[in-house]
Structures are given as C-alpha cells and as structure tokens.
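> have a look; sequence and predicted model below, questions after that.
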Amino acid sequence: MRRTLATAATLVATIGAILMAPGALAADINVFASSAMRRAYETLIPQFERGSGHKLVNQYALPPDLIKKMEAGEPFDVIILSYDVEGLAKQGKLAADSRTVFGRSGVGAVFKDNGIDPVAP
C-alpha cells in the first residue's frame, strides 16, 4: 500500500506540474484513470485540488474501455493507464513527450495444494 500511495503521489505531482502554467486559471481537469489506481489516487485528490485550485473530474474504467472513450472523442486532459501507451503515442493520440512511468507491477498466481500438478499437460 505504501508503494501505491507513493506512486499516486508522484502521479498527482506530475499532473500538477503539467497543468500548472504560470498565470493559469482554476479549471476542471478531465482525467481518465485505470480502476487499479483508484483507491490510492483518490486519497490525494483533495490535496491536489486545494493546492492547485483545479478540480479533477475523474472517470474510472479498465484500460480498453478508457481507450474506447478516447477514440470516441470523449474529452480528457490526462489519461492514466495500467497499460503501455507507446502505441497510442505513435498513432498521435497522445503526446509522446508527456508519458511518465509511475511504476511497474507483476501478476502472480498461487495454486492450492490439492495434489494436482498445475503445469502437467
């Protein structure tokens, strides 16, 4: 959980750095975010909004659903995906120079010891 909070803090700081141009007025920031980040990310939203004066308007979904929204032309300012965005940047759908990696995660599986060999053919 500590690593997730640190990642979310980095994420919010990056959003702030991208959007905090000198003299910028408070605005709504439309964020598409992977559901996997939601819990940690939401703990930092109030701090970001108080500090920046901006309001984050968040839509959470799985990456394929967020990409469909993006491709359908739904407005967004920031997209946070637990998905490689390099292909989207190469297609010109995202600004390649704005890509920031917040962390890496693995997926594992554990099997119950029931006498069955999970890798046997």
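That came in fine, so what should we check first? Quantities reported herein were computed from a predicted structural model and do not represent experimental measurements. Numbering: from 1, shown residues only.

> lowest-scoring secondary structure element of the chain by mean pLDDT?
helix 2-19 (a mean of 59; mean pLDDT, DSSP states H and E).

> need the strands for this protein, in chain order.
28-34, 55-61, 78-80 (DSSP state E).

> show me what contacts the nearest residue to residue 55 once chain neighbours are set aside?
In space, and not counting its chain neighbours, residue 55 is closest to residue 28: 5.0 Å by C-beta to C-beta, 6 or more residues apart in numbering. All C-beta spots, glycine's among them, are computed from the backbone N, C-alpha and C. The contact partners of residue 28, taken as C-beta atoms under 8 Å, 6 or more residues apart in numbering, are 54-57.

> identify, from these, the entry nearest to residue 85.
Comparing the contacts of residue 28 against residue 85 with C-beta to C-beta places residue 56 closest, at 19.4 Å.

> to what extent is residue 56 buried, counted in neighbours?
Burial measure for residue 56: 21 neighbouring residues, criterion other C-beta atoms under 10 Å.
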